[in-house]
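A.B. asks: how does the following fold in three dimensions:
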Amino acid sequence: MQSKIRKQLVDAFTNAGGSYLSGQFLAELIGCSRTAVWKHMEELRKDGFQLEAVRRKGYRIVSTPEAITADEIRLGLHTKFIGQNIHYQESVDSTQKVAQRLANENVPEGTVVIAEEQLSGRGRMGRQFHSPKFTGIWMSLILRPNIPLPKAPQLTLLTAVAVVQAIEEQTGITPEIKWPNDILLNGKKLTGILTELQAEADRIHSVIIGIGINVNQQLIDFPEELHSIATSLAIEKGKKISRSSLVRTFFEKFEKLYIYYLEEGFYPIKLLWESFAISIGKHIKARTLTSVIEGKALGITEDGVLQIEDDSGEIHHVYSADIEL
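C.D. replies: Below is the predicted model of the structure:
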């Protein structure tokens, strides 16, 4: 009940666009007394929201906390379903694990698990993903697309496009995508994406997309072995970035692309992905579990499979590999 009231209040301030909302209006909205409204406002203050209360005008939110809580994300969020149901925890082993449990509990599509810290963040092939507290965006998104099982990897590529678009809008920086799931800035890793399925042989129950974005880390925040290969938006931009604003923008970009994808198919997403790809047209090396393929990266197929043309002119289709540029 408490979380429902908080959501109603935050949604009301979002829709108010910076205008004052009277205590009477808020009391009628959430079905309580004006004294109870005051108590809810005090709870928001304790969570870091800076509120202004003016007699005969009401309340308005002046500034929001640095923390990336569900309330902070919802303030100003304009989506139909992506991010409308947020499970926030300050510290988790892995947002993917929490999302898997919630998906089994049949939470609605678009539900997001977000945390300030992951103690056991994971990347592709079981690799550790470094995700320290209060610096980045560590979240998992639950989807329930009605698509054939083989098309699920396309959602990784769609997510990469949405991340790049959100970063571009929020910072003016345009990162590059390295197939299949890394986003780079100046050749260093900025974002990792991990897509996992809950499915039977013929149908998808859920797709869980884990997203880790390095936002406000400084070099000292990374382990020494990552100094030469990892970066953050703050390092590249020279100033802190609002994590909650970036999350909101990502949700809005993702929802637009996702709906378009479900209606029109993968081809428009393919074109967008290739426009941001770092490897297209370049000589690359793809290390698969069984071999190493070298050649020119031609692009991706309609199914999101990487195509590489070797020196003999043979075209190889790469489904999973580590790419070296």
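
A.B. asks: which one's the longest strand in the protein?
C.D. replies: Ordering each strand of the chain by length in residues (DSSP state E) puts strand 188-199 first.

A.B. asks: what residues sit buried inside that one?
C.D. replies: Across strand 188-199, burial judged by 16 or more other CB atoms under 10 Å covers 188, 189, 190, 191, 192, 193, 194, 195, 196. Any C-beta I mention is one placed from the backbone N, CA and C, and that applies to glycine too.

A.B. asks: ok, now stretch 163-179?
C.D. replies: Quick answer for stretch 163-179 (16+ other CB under 10 Å): 163, 164, 165, 166, 167, 170, 171, 175, 176, 177, 178, 179.

A.B. asks: roughly how far does the last one sit from residue 31?
C.D. replies: With distances defined as CB to CB, to the nearest Å, the gap from residue 179 to residue 31 amounts to 52 Å.

A.B. asks: and for residue 23?
C.D. replies: From residue 23 across to residue 31, the span is 14 Å (CB to CB).

A.B. asks: of those two, which one has the most company?
C.D. replies: residue 23 (18 against 9; other CB atoms under 10 Å).

A.B. asks: need the phi and psi values for that one.
C.D. replies: Recorded main-chain torsions at residue 23 are phi -60, psi -40, according to degrees, to the nearest 10.

A.B. asks: and if you look at residue 319?
C.D. replies: Dihedral angles for residue 319 - degrees, to the nearest 10 - are phi -100, psi -30.

A.B. asks: check the one 4 residues further on too.
C.D. replies: Geometry field for residue 323 lists phi and psi as phi -100, psi 130, criterion degrees, to the nearest 10.

A.B. asks: so what's it up against?
C.D. replies: 178, 179, 279, 284, 285, 286, 287, 306 (CB atoms under 8 Å, 6 or more residues apart in numbering).

A.B. asks: which one of those is nearest to residue 89?
C.D. replies: residue 178 (29.9 Å; CB to CB).

A.B. asks: where's residue 286, which helix or strand?
C.D. replies: strand 283-287 (DSSP states H and E).

A.B. asks: what's around residue 134, how many residues?
C.D. replies: 15.

A.B. asks: err, residue 6, not the other one
C.D. replies: 19.

A.B. asks: where does it land in three-state SS?
C.D. replies: helix (DSSP: H, G, I helix; E, B strand; the rest coil).

A.B. asks: please name the nearest non-neighbouring residue to it.
C.D. replies: residue 71 (5.8 Å; CB to CB, 6 or more residues apart in numbering).

A.B. asks: domain-wise, how is this protein divided?
C.D. replies: Per automatic domain parsing, the structural domains of the chain span 2-63, 85-276, 283-324.

A.B. asks: now do the contacts for the spatially most central residue of the chain.
C.D. replies: Nearest residue to the geometric centre of the chain (CA atoms, centre = their mean): residue 211, 5.0 Å. Residue 211 is in contact with 137, 138, 139, 140, 141, 159, 163, 191, 192, 193, 250, counting by CB under 8 Å, 6+ apart.

A.B. asks: that older thread, any idea which of the domains of the chain is most buried?
C.D. replies: Most buried of those, by mean neighbour count (mean count of other CB atoms under 10 Å): domain 85-276, with a mean of 18.

A.B. asks: average pLDDT for stretch 219-229, rounded please.
C.D. replies: Averaging pLDDT along stretch 219-229 gives 88.

A.B. asks: which strands and helices lie in contact with the helix-or-strand element of the chain with minimal mean pLDDT?
C.D. replies: In the chain, no helix or strand scores lower on mean pLDDT, DSSP states H and E than helix 2-16, which sits at a mean of 82. Helices and strands touching helix 2-16, by 3 or more CB pairs under 8 Å, 6 or more residues apart in numbering; DSSP states H and E, are helix 23-30, helix 34-46, strand 58-63, helix 70-74.

A.B. asks: in JSON lines, list those along with mean pLDDT.
C.D. replies: Output for the helices and strands packed on helix 2-16, formatted as JSON lines (pLDDT from 0 to 100):
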{"stretch": "helix 23-30", "mean pLDDT": "92"}
{"stretch": "helix 34-46", "mean pLDDT": "86"}
{"stretch": "strand 58-63", "mean pLDDT": "86"}
{"stretch": "helix 70-74", "mean pLDDT": "88"}
